[in-house]
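Trainee: the following block contains a protein sequence and its predicted model.
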Amino acid sequence: MQRDLRQLGYLYRWIDGGFGRGTERAVKALQHDLLNNFGESSRNEGDAPVPVVDYNQGRVVDVDGVVDQNLAQCIADMLDDEKYPRLPFAKDPEKENQKITTKLDTLKSTKIPIPFLKAIFKQESNLKHFYVPRGADEDNYIVVGMDTNAGEKYIITSRGYGLGQFTLFHHPPKKSEVKNFMVGIRGNISKAIEELKDKFEHFVTGPPGGRRADDRFADGRTQRKPLPCKFTEGEPGYLTDCKNCALEAGSQDIVAEETPYYKGSKNTFKKTQYHPGSYTNVPIRKNFPCDWPYAMRRYNGSGVNSYNYQAIVLKHLAKL
């Protein structure tokens, strides 16, 4: 049952034969979708290939976390339907993840700084595309992150997939999405590059009062054109010497409920369901000779989560 829930995109991880809290939450998430998921996206990315409610047929009437024959039959029908894509797995996930690491080590780009991308991947997936099982665990499926921002924490509002945790706001995914950036690691990396590039070009110096990096302007950067690097294109170090820039920026400690987002901000760092809120030895954002720290902040999350995210990724960058 855990393997079925994992293939269908409801179990976060762990195929270990134990009906624990995570498995119960996955069962509830599926029951909720059988009652409420009409295949619609909460963002402008198109609808899911099939509404999950179509598999119910009146068999599931409550979200109680109980697996009975009716729910088991719904699961069987979903697995038997070719329109419902299953999540990919690797026969040898450790080997596949090593291939990905090798690709990243040799990757070059004139669009974005690869060290920042690797630091983001470290935070998103611990530089893994597939889970590597240990002990009694048999989970070798793609790494999946599940946002549960609704009132009931079993309700999955979006899912991020693989190395870069590219997020979909519809479920299940389309076959093309499984092929292009779940099975296709190049597609996953490419989507991450485009996401970071988009934040740099459209968020860093966006319009006042709109979608822009307020921390950048609070740090005294008023140039209308974002700064890509202290080196010019063609020079050694262009978009590659980021770790040294992180080390040269100096560091600070961030304390939850005390440290403001930026100078003059009324809001302070806080512990959230995703982040601890306090950090030591964080490279100082405003001392970077580029604007990528501000772009990177919005790769995943907004508000207090984005500032926590920024601090964590900058720490990863300094340790690459």
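Mentor: Arrived safely. Note that the structure is predicted; figures quoted are calculated from it, not measured.
Trainee: domains in the chain, by residue range?
Mentor: The chain is divided into the following domains under automatic domain parsing: 2-80, 203-312.
Trainee: which residue ranges of the stretch 151-300 of the chain form helices?
Mentor: In order along the chain, the stretch 151-300 of the chain carries the following helices (DSSP state H, counting those that start in this stretch): 175-177, 185-202, 214-218, 242-248, 292-296.
Trainee: quick one: closest of these to Lys225.
Mentor: helix 185-202 (10.1 Å; C-beta to C-beta). Glycine gets a C-beta too; all of them are placed from N, C-alpha and C.
Trainee: give me the contacts around that closest one.
Mentor: With contact meaning C-beta atoms under 8 Å, 6 or more residues apart in numbering, helix 185-202 is reached by 99-100, 103-104, 107, 109, 111-112, 116-117, 120-121, 129, 161-164, 166, 180-182, 211, 226, 228, 291-292, 295-296, 298-299.
Trainee: now stretch 224-238
Mentor: For stretch 224-238, contacts defined as C-beta under 8 Å, 6+ apart pick out 110, 113, 200-201, 204-205, 221, 239, 241, 245, 289-292, 294-295.
Trainee: Ala213 is in contact with Ala295, isn't it?
Mentor: Yes: in terms of C-beta atoms under 8 Å, Ala213 counts as a neighbour of Ala295; the distance is 7.4 Å.
Trainee: any residues in contact with both of these two?
Mentor: Counting by C-beta under 8 Å, 6+ apart, the contacts common to Ala213 and Ala295 are Phe203, Val204.
Trainee: out of the contacts of stretch 224-238, who's nearest Gly22?
Mentor: Distances from the contacts of stretch 224-238 to Gly22 were compared by C-beta to C-beta; the smallest belongs to Ala295, at 33.6 Å.
Trainee: ok, the closest one - contacts?
Mentor: Neighbouring residues of Ala295 by C-beta under 8 Å, 6+ apart: Leu196, Lys199, Phe200, Phe203, Val204, Ala213, Pro226.
Trainee: ok, now Leu11?
Mentor: For Leu11, counting by C-beta under 8 Å, 6+ apart, the contacting residues are Gln2, Leu5, Gly22, Thr23, Ala26.
Trainee: could you rerun that using 6 Å?
Mentor: Residues in contact with Leu11 (C-beta atoms under 6 Å, 6 or more residues apart in numbering) are Gln2, Leu5, Ala26.
Trainee: so which of the residues you listed is the most crowded?
Mentor: For the contacts of Leu11, neighbours were counted using other C-beta atoms under 10 Å, and Ala26 has the most, 26 neighbours in all.
Trainee: which of the helices or strands spans it?
Mentor: helix 21-36 (DSSP states H and E).
Trainee: show the average pLDDT along the following helix or strand past that helix.
Mentor: Going down the chain from helix 21-36, the next helix or strand is helix 69-80, by DSSP H and E. Here the mean pLDDT over helix 69-80 is 98, rounded to a whole number.
Trainee: check the offset of helix 69-80 from the chain's centre.
Mentor: Taking the mean of its C-alpha atoms, helix 69-80 sits 29 Å from the chain's own mean (C-alpha atoms, centre = their mean, to the nearest Å).
Trainee: so the very next helix or strand once past that helix versus helix 185-202, what angle?
Mentor: Counting by DSSP H and E, the element after helix 69-80 in chain order, helix or strand, is helix 93-106. Here the directions of helix 93-106 and helix 185-202 differ by 40 degrees (axes from the mean of the first three to the mean of the last three C-alpha atoms, to 10 degrees).
Trainee: hang on, the earlier thing: among the contacts of stretch 224-238, which ones are buried?
Mentor: The neighbour-count test (16 or more other C-beta atoms under 10 Å) applied to the contacts of stretch 224-238 identifies 113, 200, 204-205, 221, 239, 241, 245, 290-292, 294-295 as buried.
Trainee: follow-up on the earlier one: list the buried ones in the helix holding Ala26?
Mentor: Judged by neighbour count (16+ other C-beta under 10 Å), helix 21-36 contains these buried residues: Gly22, Thr23, Arg25, Ala26, Val27, Lys28, Ala29, Leu30, Gln31, His32, Asp33, Leu34.
Trainee: and the closest residue to Arg13 other than its chain neighbours, how far is that from Gln7?
Mentor: With sequence-adjacent residues excluded and distances taken as C-beta to C-beta, 6 or more residues apart in numbering, Arg13 is closest to Asp139, at 5.3 Å. Between Asp139 and Gln7 the computed distance is 11 Å (C-beta to C-beta, to the nearest Å).
Trainee: next: Phe169.
Mentor: 20 Å.
Trainee: any low-confidence regions in the chain?
Mentor: The chain contains residues with pLDDT under 70 at 208-210.
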